[in-house]
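Undergrad: The following comprises the amino acid sequence and a computationally predicted model.
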Amino acid sequence: MDKKIVWTKKDLLGLEYLSKEEIEHILYTAASFKEVTTRQVKKVPALRGKTVVNLFYEPSTRTRMSFELAAKRLSADVINMEIEASSVKKGETLIDTGRNIEALKIDIIVVRHSCSGAPNILARSVKSSVVNAGDGWHEHPTQALLDMFTLKSKLGRIEGLNVSIIGDIAHSRVARSNIWGLTKLGAKVTVCAPKMLIPEGIEKMGVKVTSKLDEALEGADAINVLRMQFERDSGAAFPSKLEYFKDFGITKERLKQCKADIVVMHPGPINRGIEMSSEVADGKNSVILEQVTNGIAVRMAVLYLVGLVKEGAR
Amino acid sequence: MKLKEKAKILDELAMDKALERMAHEVIEKTVPGTQTVVVGIKSRGAYIGNRLADKIKNISGTRPNVGALDITLYRDDLTQVSEQPTVHATEIDFDIDRKRVILVDDVLFTGRTIRCALDALIDFGRPAEIQLAVLIDRGHRELPIRADYVGKNVPTSMKETVDVKLKESDGKDEVVLCEKT
């Protein structure tokens, strides 16, 4: 058994802060947890006696359910905090909320917040482990990790792959986390969006930038299609959804010019007929549902790793 | 803490003979009608399990299914060990319901690893029976666990360690007794 300690962080705040080795360690650990989800008894006692709280300031079904299931499969106890019915409504601050949670001896806080950096502030203020489930436009590390895990299981590696991220890059924490993770592991990343949705200076992250979908699709081994958030920020860039679909929608026609076994990913939920056609979403290149399954294994790995970091490191 | 080699317990030939004898014993105790499978505890137990299965095939003509079990997630000391053990994947791609499972490990010591393995196996199904085969039994049990097939019994003191080296992982076959200095 190897004695080298790879994981020493009590929190997972973003892929920006991780080394290539640490990311690979998470992916390796996730593979073992994937095996657990195929058993009859999908439970292991690794986090028995530990408590996880889901602190979601923004709505979520997918990510929250995924974290809850992951924690339960590790035999941890889970509490879901209903923000609407909590003292947050009375104006309680994030740090105070965190300190109260810590006083309850809760081991892991999984937090989603609309402010970029909120998990970082929380992590500094409490001894409990903090896992970022999405903060503002900053990062969504577990999503990127499960995207990479899916890529690795379909294509065998990350290094040297051509991966294109298509959609509202400016407002996407999924895009940012993916860019950090993929570049650290040696993939060649292209981002593709209408000009207004490309953040300034993104080339400095080591990615190619284009506003032409065909350029992003050419030679790509995999594409990650982001959701257009018309109800939020993306709406300003486009007069209509049909127009977006015409220029940036992924259709069977568009995929004809790509590699036959190109991997098509999407973090969900899909806007069918806007960022991709139903044909593609349900087609043979799509791994969207596999991503969801892999999400449990990856989140189990993350909870396992941060949950067992020693007291002294906190 | 340094380790000083004190004595060689088994050399390559002796190890092979011990495994051969254990294979015969496993076959001897086979109840007609039950299928036998071998599950080795990662990592050295898995290599020994494979060798045992090969020997069973040479003698009886059929090779039992072989799986490898990683018990890291079932350890009772996860919150206490200083190094964080890496979780490796368990590979048991056959059904263990109603089968006779031969659990295999290199050294039987306190018995806690075997306790983990039993918990893990029960999560996979309901075997007809579980038997334990170990290369070395060094005594000092802390739980009521015993082996059915033993390569060699080696009484040891708490200051000593038993070091098993296998060709598959360490380049050579031998078992040495070391003392902590």
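TA: That came in fine, so what should we check first?

Undergrad: which bits of chain B sit near chain A?
TA: B:43, B:70, B:72-74, B:78-79, B:82-91, B:119-120, B:122-125 (CB under 8 Å from any CB of the partner chain). To be clear about C-beta, it is placed using only N, CA and C from the backbone, and glycine gets the same treatment.

Undergrad: can we see that at 7 Å?
TA: Selection of chain B residues close to chain A by CB under 7 Å from any CB of the partner chain yields B:43, B:70, B:73-74, B:78-79, B:83-90, B:123-125.

Undergrad: ok, the residue at minimal distance from the centre of chain B - contacts?
TA: Closest to where the C-alpha atoms of chain B average out (CA atoms, centre = their mean) is residue B:105, at 0.9 Å. Residues near residue B:105 by CB atoms under 7 Å, 6 or more residues apart in numbering or on different chains: B:41, B:45, B:113, B:114, B:134.

Undergrad: Mind doing that once more with 6 Å?
TA: Counting by CB atoms under 6 Å, 6 or more residues apart in numbering or on different chains, residue B:105 touches B:41, B:45, B:134.

Undergrad: And the pLDDT at it?
TA: You'll see residue B:105 listed with a pLDDT of 97.

Undergrad: Over to residue A:138?
TA: At residue A:138, pLDDT is 95.

Undergrad: and what of residue B:132?
TA: 98.

Undergrad: Only the buried residues of the helix or strand where it lies, if you could.
TA: Applying DSSP states H and E as the criterion places residue B:132 in strand B:129-137. If you call a residue buried by 16 or more other CB atoms under 10 Å in any protein chain shown, then strand B:129-137 has these buried ones: B:130, B:131, B:132, B:133, B:134, B:135, B:136, B:137.

Undergrad: residues near the closest residue to chain B within the stretch 201-314 of chain A, how many?
TA: Across the stretch 201-314 of chain A, the shortest distance to chain B (CB to the nearest CB) belongs to residue A:308, at 5.8 Å. A count of nearby residues for residue A:308, using other CB atoms under 10 Å in any protein chain shown, gives 19.

Undergrad: quick check: angle from whichever helix or strand comes after the strand holding residue B:132 to strand B:129-137?
TA: The helix or strand immediately downstream of strand B:129-137 is strand B:149-153, counting by DSSP H and E. With axes from the mean of the first three to the mean of the last three CA atoms, to 10 degrees applied, the angle from strand B:149-153 to strand B:129-137 works out at 20 degrees.

Undergrad: which sections of chain B are below the confidence cut-off?
TA: B:81-83 (pLDDT under 70).

Undergrad: the strands in it, which residues?
TA: B:3-10, B:36-41, B:65-69, B:100-108, B:129-137, B:149-153, B:160-165, B:174-180 (DSSP state E).

Undergrad: cool, the stretch 51-200 of chain A as well?
TA: Assigned by DSSP state E, counting those that start in this stretch, the stretch 51-200 of chain A shows strands spanning A:51-56, A:77-81, A:108-113, A:129-135, A:162-166, A:188-192.

Undergrad: can you check the stretch 201-314 of chain A too?
TA: Per DSSP E, counting those that start in this stretch, the stretch 201-314 of chain A carries strands over the ranges A:208-210, A:222-225, A:263-265.

Undergrad: Name every strand pairing with the longest one and say which way it goes.
TA: This points to strand A:222-225. strand A:162-166 (parallel), strand A:263-265 (parallel) (DSSP bridges).

Undergrad: List the buried residues in that strand.
TA: For strand A:222-225, burial by neighbour count (16+ other CB under 10 Å) applies to A:222, A:223, A:224, A:225.

Undergrad: export those to CSV and tack on pLDDT?
TA: CSV is the format used below for the buried residues of strand A:222-225 (pLDDT from 0 to 100):
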residue, pLDDT
A:222, 97
A:223, 97
A:224, 97
A:225, 96
